[in-house]
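Student: could you look at this predicted model? Sequence included:
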Amino acid sequence: MAPHLPLREGALDIVAHRFAVLAEPMRLRLLQALFAGEKNVGELVAATGGTQANVSRHLQTMIRAHFLSRRKEGAQVFYAIADPSIFKLCQLVCGSLEKQLTKQAAAFGN
């Protein structure tokens, strides 16, 4: 892995904000629902079990963070993952978590 130069304070603030956006379980549910492709709000409400107002609020937060894009078709709005690095980040974190849980299960004889 190539070494990275230290980030400046302003860049660190931006990185911290991006991680803060992902620190909400409902937003992670929404991203997971969008991994298969774009969906409208009704489909996302059904997929996550959230309310329409709550899902819409979280979608707007992720749009402002540039994680999602939105497209209007008639009266419906469709959301999709706009930042492909989200897929890599989720794979990295989920893969690491899976390894950790497998290790813990082996330690307890499960």
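Tutor: In hand now; what should we look at?
Student: all contacts plus neighbour counts: C-alpha atoms, from now on.
Tutor: Fine.
Student: list the buried residues of the top helix by length along the chain.
Tutor: In the chain, with assignment by DSSP state H, the single longest helix is helix 85-107. By neighbour count with 16 or more other CA atoms under 10 Å, helix 85-107 contains the buried residues Ile86.
Student: which residues touch it?
Tutor: Phe35, Phe67 (CA atoms under 8 Å, 6 or more residues apart in numbering).
Student: all helices of this structure, in order?
Tutor: 9-22, 25-34, 41-48, 52-64, 85-107.
Student: got any ranges where the chain has weak pLDDT?
Tutor: Within the chain, the set of residues satisfying pLDDT under 70 comprises 1-3, 110.
Student: could you dump the helices of the chain into CSV with distance to Val77 added?
Tutor: Shown next, in CSV, are those (distance: least, CA to CA, whole Å):
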stretch, distance to Val77
helix 9-22, 21
helix 25-34, 14
helix 41-48, 7
helix 52-64, 11
helix 85-107, 21
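Student: out of the ones you listed, which is closest to Gly74?
Tutor: Gly74 sits nearest to helix 41-48 of all the helices of the chain, at 13.7 Å, using CA to CA.
Student: good, wrapping up.
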